[in-house]
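Trainee: Build me a structure from this.
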Amino acid sequence: MNLPFSIVRRTIWLCLAVVLCSLPVLAEEAAPSMDQRVAALEAYVTNADPGKSLTGVPGPGHNAWMMTSSALVLFMTLPGLALFYGGLVRRKNVLSVLAQCLGIAGLVTILWWAVGYSLVFGQSFKGSGIGRFLGGTEFLFLRGVTSAPNTDYAFWVSQNVFAMYQLMFAIITPALIVGAIAERMKFSAILWFVTLWMLVVYFPLAHMIWGVTGLMNGVWNPGAAITAIDFAGGTVVHMSSGWSALILCLIIGPRIGFGREKMAPHSMVLCMVGTGMLWVGWYGFNAGSAVAADGVAANAFMTTTLATAVASFTWGMIERIFRGHASILGFCSGAVAGLVVITPATGFVSSTGAVIIGLIAGAVPYFFVTTVKAKFGYDDALDTFGVHAVGGTMGAFLTGLLATSAVNSNLTSGAALKNGLAKLVMEGGLWHEQLKAIILTLFLAIAGTFVLAHIVKIIVGLRPAPEVERQGLDLMEHGEEGYID
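Mentor: The predicted structure is shown next:
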């Protein structure tokens, strides 16, 4: 059928009019207005949502801070923790500790690339029953993890930087366990155990606390069943590693000669150097957990300093009062205890809260390390349980008592308004949720470690032969010696 020319002409003009009217809209989408650009710049300064005008664009300052923080957290393990632990063991086992830290760093990096990051920070499992415990599969092998921000976690930080930052947490956590079983566990057994432990304990726990769909992420998950808060890893890092370390050291048993032979640290110089590196690196650990160079990070920087210094001084003074001297080991242990206990609270408490935490951190772990361990006779070689398990548990609970929205407004806005966290912070009662998170963390760490340790025992065995242990793991397992006389 042939249409009249007049109808065809009117139709053509109508189409042209629609296209011409659409041009301003298309131009606005392609080139943001001045108001939109200014709003995006303000959002950059305040670490807020930039809107459509700068979505997918990382912020140079925030990115620079997070890359620095990533390096600082790795510095905590290599060489900080390696030297701290290395100085505390006997000289015949110093290289074994360094090898364990290096081996764990490489192994965990591979696991993180393959599955870890996706299981912790993905969300493709959202809506299913498993989504509260594991993230998803969309980032397996870091697929799609580019320099564009993942706005579920940071508006201005590249996702590849965020992934590497979180990797450093994943590396140091199992490395902490080494302290409890130092000098008496086979290198092959450690690698087997860490592989299984990361899959069964760390990845699920990290998602539950920090994942945007996590069961216990009170700050960012509006549907969280347990509205707990953990700024930098009191439960995820210190409780999980510390309680797992206790169970593992009980299963593996004490060192040959424990309680009969002198097993003093072979180098307090290395221990002190390692402690200093841990303290410096911990600024990336705590202040970096703001995932931005903003006011929350600044507060975390301050509270980390205060709690650590107070705890170190408190431990040393307790020693001086009750033992007649303030030892380097005491100052170092107190500093690490302060760092541990402030970790979950650092972005949520005030300066006064940090000092309170420092005083408690210097006293309670001291009691566990010097009295409880002697009373029950377990061989927690380098006091991983006394400092990290006790300190992490105590820090998680104290966070529920001392957290304030005056320091971090995220506690009473956004998701916190929907899941009930805001009400708990304002009216009291947050400690109930913290207690729930503590109990769940205890169950996962203790039960998981018990089962996994026995599996590894069946596969490769846990301990070296007695003659290997007596001669030292450095020479017998690694073919090297730390010192040549």
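Trainee: And the contacts of stretch 138-148?
Mentor: Stretch 138-148 is contacted from outside by 56-58, 113-115, 117-118, 121-124, 158-161, 163, using C-beta atoms under 8 Å, 6 or more residues apart in numbering. Yep, even glycine has a C-beta here, placed from its N, CA and C like the rest.
Trainee: Kindly provide the distance from Phe141 to Thr352.
Mentor: Phe141 sits 46 Å away from Thr352 when distances are taken as C-beta to C-beta, to the nearest Å.
Trainee: should've said Val336
Mentor: On the measure of C-beta to C-beta, Val336 and Thr352 end up 22 Å apart.
Trainee: now Ala416
Mentor: 23 Å.
Trainee: Of those two, which one has the most company?
Mentor: Under the neighbour definition other C-beta atoms under 10 Å, Ala416 and Thr352 were set side by side, and Ala416 has more, 26 against 12.
Trainee: after the strand or helix carrying Phe443 comes which helix or strand?
Mentor: With elements delineated by DSSP states H and E, Phe443 resides in helix 430-459, which encompasses its position. For helix 430-459, the succeeding helix or strand toward the C-terminus, using DSSP H and E, is helix 466-471.
Trainee: Show me the contact partners of that next one.
Mentor: Around helix 466-471, the neighbours that count as contacts under C-beta under 8 Å, 6+ apart are 92, 183-184, 255-256, 463, 476-477.
Trainee: same thing but 6 Å
Mentor: 184, 256, 476 (C-beta atoms under 6 Å, 6 or more residues apart in numbering).
Trainee: Could you give the number of residues near the second one?
Mentor: Other residues near Ile256 number 14, with proximity taken as other C-beta under 10 Å.
Trainee: residues in contact with it?
Mentor: The neighbourhood of Ile256, defined by C-beta under 6 Å, 6+ apart, consists of Glu469.
Trainee: got a pLDDT number for it?
Mentor: At Ile256 the predicted local distance difference test score is 97.
Trainee: Distance-wise, check it relative to Lys457.
Mentor: Taking C-beta to C-beta as the criterion, Ile256 is separated from Lys457 by 18 Å.
Trainee: Kindly report the same for the last one.
Mentor: Counting by C-beta to C-beta, the gap between Met476 and Lys457 amounts to 20 Å.
Trainee: and the residue lying closest to Ala326 once chain neighbours are set aside, what element?
Mentor: Closest residue in space to Ala326, ignoring its immediate chain neighbours: Gly316 at 3.9 Å, by C-beta to C-beta, 6 or more residues apart in numbering. Taking DSSP H and E as the definition, Gly316 sits inside helix 295-323.
Trainee: Which pLDDT value belongs to Glu54?
Mentor: Quick fix: residue 54 is Leu, not Glu. In this model, Leu54 carries a pLDDT of 75.
Trainee: Can you report how many residues neighbour it?
Mentor: Neighbours of Leu54 under the rule other C-beta under 10 Å: 21.
Trainee: same question, the one 3 residues further on
Mentor: Close neighbours of Val57, defined as other C-beta under 10 Å, add up to 16.
Trainee: circling back to that earlier point, can you name the next helix or strand after the helix holding Gly316?
Mentor: The element immediately downstream of helix 295-323 (helix or strand, assigned by DSSP H and E) is helix 328-342.
Trainee: Show me what whatever helix or strand comes next after that next one is packed against.
Mentor: On the C-terminal side of helix 328-342, the nearest following helix or strand under DSSP H and E is helix 351-367. The elements that helix 351-367 packs onto, with contact taken as 3 or more C-beta pairs under 6 Å, 6 or more residues apart in numbering; DSSP states H and E, are helix 295-323, helix 328-342, helix 390-402.
Trainee: just those helices: most buried one?
Mentor: Comparing the helices and strands packed on helix 351-367 by mean neighbour count (mean count of other C-beta atoms under 10 Å), helix 328-342 ranks first with a mean of 28.
Trainee: tell me the mean pLDDT over that one?
Mentor: Averaged across helix 328-342, the pLDDT comes to 98.
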